[in-house]
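A.B. asks: Build me a model from this:
(2 chains)
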Number of protein chains: 2
Amino acid sequence: MQYRAEVTIERKSGMLDPEGTTIKRALEHLGYHTNDIKTSKRYIIDLEEESSELAETKVDEMCQKLIANPMIHNYTIDLREV
Amino acid sequence: MQYRAEVTIERKSGMLDPEGTTIKRALEHLGYHTNDIKTSKRYIIDLEEESSELAETKVDEMCQKLIANPMIHNYTIDLREV
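C.D. replies: Numbers count the residues shown, from 1 in each chain, chains lettered A, B, ... in the order given. This is a model prediction of the structure:
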């Protein structure tokens, strides 16, 4: 079966977001005031597995081993058959 | 009014995604086969404006002037009152 996983990687609360801070400051210079900007990253992963349970387990392992840093990130996996 | 805009920045189709390619290759080395990996970026922007139309216009300008590169990116804005 073919699956598509949407993985969203966010910083845990309290973690600094230097990219968000920099963009907020740059927008101020352009005349745009914002209250807060937070950045996150999304990965669309296409894979083949025998079942959705197996696909979800694999993607979770990928996140833990490579894509996310569990010390500083939270991640969510949204899986669907394609 | 307080608004929260979720801005998603994706590469236009046909644009190379070197980060996705690198992660795909690194996952292969770890024993995980995937068919394709695409990356995108999300910005959560909190701002105050008088109306949702004005907020959407402002966020669209921010994207065009700073956050996205219209030559290589598509972007979507999902705005809601908070």
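
A.B. asks: need the residues of chain A near chain B, please.
C.D. replies: Counting by CB under 8 Å from any CB of the partner chain, the residues of chain A close to chain B are A:2, A:8, A:20, A:23, A:26-27, A:30, A:32-48, A:58, A:61-62, A:65-67. Where C-beta positions appear, they are placed from N, C-alpha and C, glycine not excepted.

A.B. asks: so of those residues, which ones are in strands?
C.D. replies: Among the residues of chain A next to chain B, the members falling in strands (DSSP state E) are A:2, A:8, A:36-48.

A.B. asks: Now restrict the residues of chain A next to chain B to buried residues only.
C.D. replies: A:8, A:20, A:23, A:27, A:32, A:34, A:37-45, A:47, A:58, A:62, A:67 (16 or more other CB atoms under 10 Å in any protein chain shown).

A.B. asks: my read: residue A:45 touches residue B:32, true?
C.D. replies: No - counting by CB atoms under 8 Å, residue A:45 does not reach residue B:32; the two are 9.4 Å apart.
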